[in-house]
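Visitor: give the three-dimensional model of this entry:
(one chain, ligands or ions: 3)
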Amino acid sequence: MGSVVVMGTQWGDEGKGKIVDYLAEQADVVVRYQGGNNAGHTVVVGGEEFKLHLLPSGILYNGKTCLIGNGVVIDPGVLLKEIKGVQARGIDTSGLKISNRAHVIMPYHRLLDEAEEIARGDFKIGTTKRGIGPCYMDKNSRCGIRIVDLMDAEEFALVLKRNIEAKNRLLKCMYDMDGFDYETVKAEYLAYAEQLRPYVADTSYELNESIDAGEKVLFEGAQATLLDLDHGTYPYVTSSHPIAGGVCVGAGIGPTKIGKVVGVVKAYTTRVGEGPFPSELHDAVGDHIRERGHEYGTTTGRPRRCGWLDARVVRYAGKLSGIDYMAITRLDILDEMKTLKICVGYTYKGQPLNEFPASLKVLAEVEPVYEELPGWQSDTTAIRRYEDLPLNARRYLERLSEAAEIKIGIVSVGPRRDQTMILHEMFA
Ligand code: GDP
Ligand code: IMO
Ligand code: MG
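Guide: Ligands and ions are numbered 1, 2, ... in the order given. Now for the predicted structure:
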């Protein structure tokens, strides 16, 4: 079957954008199914770097059909800026369509995101402050505004009025903050509506037509398994479903239409924001990885927390999404390391744990079980065949594969398209 899901297995920033861009060459359609502009996917093409937040990474192939599904939350001002930004760099965005069922991020969502973070104090989540959580909250409490509502000026005026009155009360009473002026927001958003109108479609309908016609579809996850609302390190998660199951709801297709699932795994672990991270390094090794890997957020510029590769996390991701193959990225960042550690499991109060702990208290107290492996201490960035990787690099990858119980499908040794080794064809 011609559809492939590419999703994150850790805490995000695994290099999903690079892998999607690589595989998109063979795809007819590329689809984002969840999240919003909390995502930051960096793609390097022909020496140029593109930082994408809402646009599917397939956009860099001129005219390719790129869908933003109903499960995504869209900040119209941000999307329009991004469209204009890539257009100014010569990219043809005529293949872009956005779901009429996607929810719209409003200015009060962004302010509430910030206000709620401040109110949480020491228990803050460390969100991207893009209004993602509050927008999904409105969707779930059935008062949200969808793209289809924004396209209808009369309907929009009505739902906006109800929402602004309620949110202004909330901002005043709960947070002692000034609210928003109805007319100003209405005018701003109706102007966006006219610019977005040409892109609006029933993307689920179109996607199913494409699938029925035998086209190849690539689904691009944002965030990652451990940030999944149900299965991640709750409450230090995002408000959507990055796991492969999220594709069905967020794009509007049936599970029988998913062919393969590719889990992107960074060759070590990083996390931005708060929450437990069992294999985190607080020493010079962590600093070395951060500096060599330029591990600073694409969206917020925050330094990323760095740690050893946690195969227990990857195994958990593999089970939750039925991952067929791993795409392992950033192996080259480890090129200088003398020795490496892989976490293959956890113990809690001296006992091995079978399940991935639901309790954050437990997760914060688990002891990682590490295996130490020798590094390869040579440059891998010019290597193009798996067999040509240093023996110790292959041992490292194969130990991960064994411990995570997932086959290796792709290995990446640099941000460029050509720095990619394919062990299994994903669209075969
Ligand atoms: P995403 O959010 O999962 O798409 O990942 P990000 O784009 O936030 O972070 C991954 C970063 O690593 C980007 O800057 C990519 O260009 C870069 N990248 C991807 N694969 C590789 C790789 O194999 N080696 C190196 N050195 N960089 C890579
Ligand atoms: P990509 O797609 C890494 C994190 C935030 C915070 C938590 C909740 O580039 O991998 P939110 O703003 O979503 O309510 O924040 O999730 N987070 C990410 N971390 N990569 C991302 O996206 C992320 N998107 C959200 O740092 O901890
Ligand atoms: Mg990112």
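
Visitor: use CA for all of it now, contacts and neighbours both
Guide: Noted.

Visitor: residues in contact with stretch 148-157?
Guide: The contact list for stretch 148-157 (C-alpha atoms under 8 Å, 6 or more residues apart in numbering) reads N100, R101, I145, K186, Y189, L190, A193, E194, R197.

Visitor: count the neighbours of the residue of the stretch 251-400 of the chain at minimum distance from ligand 3 for me.
Guide: Taking C-alpha to the ion, ligand 3 has its nearest neighbour within the stretch 251-400 of the chain at T298, 5.8 Å off. Here the number of neighbours of T298 (other C-alpha atoms under 10 Å) works out to 17.

Visitor: how far away is it from ligand 2?
Guide: In this view, T298 and ligand 2 are 7 Å apart by C-alpha to the nearest ligand atom, to the nearest Å.

Visitor: mind checking how far that residue is from K51?
Guide: 7 Å (C-alpha to C-alpha, to the nearest Å).

Visitor: shared neighbours of those two, which are they?
Guide: Listed as contacting both T298 and K51 by C-alpha under 8 Å, 6+ apart are G40, H41, T42.

Visitor: around ligand 2, pick out the residues from this structure.
Guide: Residues of the chain found near ligand 2 (C-alpha under 6 Å from any ligand atom) are 11-13, 38-41, 125-130, 132-133, 222-223, 227, 236-238, 272-274.

Visitor: now list the buried members of these.
Guide: Among those, the ones that count as buried by 16 or more other C-alpha atoms under 10 Å are 11-13, 38-41, 125, 127-130, 132-133, 222-223, 227, 236-238, 272-274.

Visitor: phi, psi for P368 please.
Guide: Backbone torsions of P368, given as degrees, to the nearest 10, read phi -70, psi 140.

Visitor: count of neighbours near the closest residue to it other than its chain neighbours?
Guide: Nearest non-adjacent residue to P368, counting by C-alpha to C-alpha, 6 or more residues apart in numbering: Y346, 4.6 Å away. Applying other C-alpha under 10 Å, we find 24 residues neighbouring Y346.

Visitor: which residues are contacting the host helix or strand of Y346?
Guide: Using DSSP states H and E, Y346 sits in strand 339-348. By C-alpha under 8 Å, 6+ apart, the residues outside strand 339-348 that reach it are 279, 308-312, 352-353, 362, 365-375, 400, 403-404.

Visitor: over to stretch 290-298?
Guide: By C-alpha under 8 Å, 6+ apart, the residues outside stretch 290-298 that reach it are 40-42, 51, 270, 272, 289, 302-306, 333.

Visitor: now, the contacts of strand 339-348 that are in helices?
Guide: A311, R312, V362, E365, L400, A403, A404 (DSSP state H).

Visitor: would you turn those residues into JSON lines with distance to Y325?
Guide: Below are the ones in helices among the contacts of strand 339-348 laid out as JSON lines (distance: C-alpha to C-alpha, whole Å):
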{"residue": "A311", "distance to Y325": "14"}
{"residue": "R312", "distance to Y325": "16"}
{"residue": "V362", "distance to Y325": "29"}
{"residue": "E365", "distance to Y325": "30"}
{"residue": "L400", "distance to Y325": "12"}
{"residue": "A403", "distance to Y325": "14"}
{"residue": "A404", "distance to Y325": "11"}
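
Visitor: tell me the mean pLDDT for the helix or strand where V30 lies?
Guide: Element membership for V30, per DSSP H and E: strand 29-32. For strand 29-32, mean pLDDT is 98.

Visitor: which parts of the stretch 1-150 of the chain sit against ligand 1?
Guide: Near ligand 1, when you scan the stretch 1-150 of the chain using C-alpha under 6 Å from any ligand atom, you find G12, D13, E14, G15, K16, G17, K18, G40, H41, T42, V43, V44.

Visitor: now do G179 against D230, distance only.
Guide: Separation of G179 from D230 (C-alpha to C-alpha): 32 Å.

Visitor: mind pulling the model confidence for the residue of the stretch 251-400 of the chain closest to ligand 3?
Guide: 72.

Visitor: and G2, by the same measure?
Guide: pLDDT, G2: 85.

Visitor: the nearest residue to it once chain neighbours are set aside: neighbour count?
Guide: Nearest non-adjacent residue to G2, counting by C-alpha to C-alpha, 6+ apart: K216, 4.6 Å away. When neighbours are counted by other C-alpha under 10 Å, K216 registers 19.

Visitor: quick one: contacts for K216?
Guide: G2, S3, Q26, A27, D28, V29, S210, F427.

Visitor: so which residues of the stretch 251-400 of the chain form strands?
Guide: Counting by DSSP state E, counting those that start in this stretch, the segments of the stretch 251-400 of the chain that form strands are 260-266, 269-271, 305-307, 309-310, 325-329, 339-348, 351-352, 367-374.

Visitor: coming back round to it: any chance of the contacts of stretch 148-157 in CSV, plus neighbour count and pLDDT?
Guide: As requested, the contacts of stretch 148-157 are arranged in CSV below (neighbours: other C-alpha atoms under 10 Å; pLDDT from 0 to 100):
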residue, neighbour count, pLDDT
N100, 22, 98
R101, 22, 98
I145, 22, 98
K186, 17, 98
Y189, 22, 98
L190, 17, 98
A193, 21, 98
E194, 11, 98
R197, 16, 98
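
Visitor: now secondary structure and distance to T65 too, for the residues you listed, in TSV please.
Guide: Shown next, in TSV, are the contacts of stretch 148-157 (DSSP: H, G, I helix; E, B strand; the rest coil; distance: C-alpha to C-alpha, whole Å):
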residue	secondary structure	distance to T65
N100	coil	16
R101	coil	18
I145	coil	25
K186	helix	31
Y189	helix	26
L190	helix	26
A193	helix	21
E194	helix	21
R197	helix	17
